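Visitor: I would like to see how this sequence folds:
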Amino acid sequence: MAIRKSDTDYCPTLSEEGRKMLEFLREHPAAPIFRNESGNRLVSEELDELRAFEQEVAAAHVGWQRGGHPEWLAGFVQQVYEEVPHFRQLGSPPRRFEDIPTTDRADLSADIARFVPDGAPLDRLINFRTTGTTGNPLLIASHPLVAGRYLAFHKRALRRFGIELRHGAGQVGVVLLGLQKKCFTYVSVTPTMGDSGLAKINLHPDDWRRPGDREAYLDALQAEVIAGDPISFGELLQLRVQARPRAILSVGMMLSPGLRAQLESRFACPVLDLYSMNEAGPIGVLDAEAGGHVLLQHRLYVEILDAHGRAVPEGTPGEITLSGGFNFCLPLLRYRTGDHGTLGWTPEGPVLMDLQGRKPVRFQCADGAWVNNIDVTHALAALPLPQFALHQEADGGFVLHLAARAMPHAEAVGKALRTLLGDVRLRVEPIATDGKVLQYTSELEAPAP
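Guide: Okay, the predicted model is just below:
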């Protein structure tokens, strides 16, 4: 099979081993229908930069003095105010970091170009669109080097659980899973790992030619790492695959402890729950012994803010707000993520605790008392739910939306919710979308806590 023009366009440093790997991934008898083409786009001089970055990340201390700021932050703020149009129009940075205006997803969505530094290499810029759980489209500015840097933080997270990646030439390093009616799928290679294979596949049956091909393909790849989200993992658990990855990475959505335990039992490997977002990349990895998500980036500062942009007392829930990051095409400065949690401290540094996606919601119980959505999360933690959403209607009743694979657990979920909420009216319906959903919503206005 000759090297196609698109192969070298998407993988400029493609080796002979890499060519054979792409052929294997595409031409295997059980291969899915790949809908798209993509690749690492890295040129040879950037590979040394990536290897040096991996060493830097592996050796770095992550954190800052309790009650203070990281040493690099002041220089970063000055640079952002000089080079990023949105901040340059504000004049000089305030003396106090806490007086810098916050930004959020709506700001980026309105005009992403104003958040890209003047010196960003436009000829190498990558743009991709994401909707998240809000349905608010967001265009992200990135670069091949930025995309390549993700691996350094994934390796740091894996190393915390005793996993050193070793797959190289002639082996498949990573399979990325999706489960959507329409999904971006492709094959590529990872040049810093000897052109090991990477495949982004959709487990939806429409992307496969014959029954049994999903199992046969996954077993043929024997990927070192399987990555996906709870929705795709719910489907994976239904397949009779024999593949045994060395680790599973969950990204993009909250992973329930019940589903995590089921995956660990089935595949006999660590299952890492990563807190990650397109705007900032991998932020933290859940470590139960540390009490929360241990931070992964050494140049990312985390604040917890109230609704007015003020820092909350230590241990108090608030909105996770980020400054710094590794994407030099989109430096973040006091970026309000829309996610909530608390910041705790361990001997090795700060840890994100009680992480909750989106704004906290309070629900009214049958007896008139109010509970936080965190209580709901804890009540359902033992159940292997790939995805669910709970909504309280104006009359106090509830609608629980469950992923199709979770419908057999509807009775157990209902029992757990009524134990928490009392004898409430509860209707269970399947989730109508194959994308992300807002997990907790309510039509009732809770009194001030």
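
Visitor: how close does the closest residue to Y186 other than its chain neighbours get to A147?
Guide: In space, and not counting its chain neighbours, Y186 is closest to S38: 4.2 Å by Cβ to Cβ, 6 or more residues apart in numbering. (Glycine included, C-beta is placed from N, CA and C.) Distance of S38 to A147, given as Cβ to Cβ, to the nearest Å: 10 Å.

Visitor: where do the strands sit along the stretch 101-250 of the chain?
Guide: 103-104, 126-130, 138-142, 172-178, 186-190, 196-202, 225-228, 247-250 (DSSP state E, counting those that start in this stretch).

Visitor: List the neighbouring strands of the shortest one plus their orientation.
Guide: It stands for strand 103-104. Next to strand 103-104 in the sheet, as set by DSSP bridges, lie strand 332-346 (parallel).

Visitor: The fifth one too?
Guide: Paired neighbours of strand 186-190 in the sheet (DSSP bridges): strand 196-202 (antiparallel).

Visitor: Hmm, L333 and F87 touching each other?
Guide: Yes - in this structure, F87 is within contact of L333 by Cβ atoms under 8 Å, at 6.5 Å.

Visitor: show me where this structure has helices.
Guide: Counting by DSSP state H, the segments of the chain that form helices are 5-10, 16-27, 44-59, 73-83, 85-88, 105-110, 144-160, 213-221, 230-236, 257-267, 373-379, 410-421.

Visitor: and among these, the most buried is which?
Guide: Comparing those by mean neighbour count (mean count of other Cβ atoms under 10 Å), helix 230-236 ranks first with a mean of 24.

Visitor: So which elements touch that one?
Guide: Counting contacts by 3 or more Cβ pairs under 8 Å, 6 or more residues apart in numbering; DSSP states H and E, helix 230-236 packs against strand 172-178, strand 247-250, helix 257-267.

Visitor: what about it, distance to the chain center?
Guide: Centroid displacement of helix 230-236 relative to its chain, using Cα atoms, centre = their mean, to the nearest Å, is 15 Å.

Visitor: and what of stretch 67-86?
Guide: 25 Å.

Visitor: again with stretch 18-29
Guide: With Cα atoms, centre = their mean, you get 28 Å for stretch 18-29.

Visitor: Equivalent analysis for stretch 76-89, please.
Guide: 27 Å.

Visitor: Distance from the helix or strand of the chain with the lowest mean pLDDT to the middle of the chain?
Guide: Every helix and strand of the chain was ranked by mean pLDDT, DSSP states H and E. The lowest is strand 126-130, at a mean of 76. Distance of strand 126-130 from the chain centroid (Cα atoms, centre = their mean) equals 15 Å.

Visitor: Can I get that strand as PDB, trimmed to CA atoms?
Guide: The C-alpha coordinates for strand 126-130 follow below in PDB (Å, rounded to 0.1, in the frame of the first residue of the first chain):
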ATOM      1  CA  ILE A 126      -5.700  24.500  14.600                       C
ATOM      2  CA  ASN A 127      -9.300  25.400  15.300                       C
ATOM      3  CA  PHE A 128     -11.900  22.900  16.600                       C
ATOM      4  CA  ARG A 129     -15.500  23.400  17.700                       C
ATOM      5  CA  THR A 130     -17.000  22.100  21.000                       C
END
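
Visitor: List the buried residues of that strand.
Guide: Within strand 126-130, no residue counts as buried by 16 or more other Cβ atoms under 10 Å.

Visitor: Relative to that strand, what are the paired strands and their orientations?
Guide: Short version: by DSSP bridges, strand 126-130 pairs with strand 138-142 (antiparallel).

Visitor: If you compare the directions of the partner strand and helix 144-160, what angle comes out?
Guide: Interaxial angle, strand 138-142 versus helix 144-160 (axes from the mean of the first three to the mean of the last three Cα atoms, to 10 degrees): 90 degrees.
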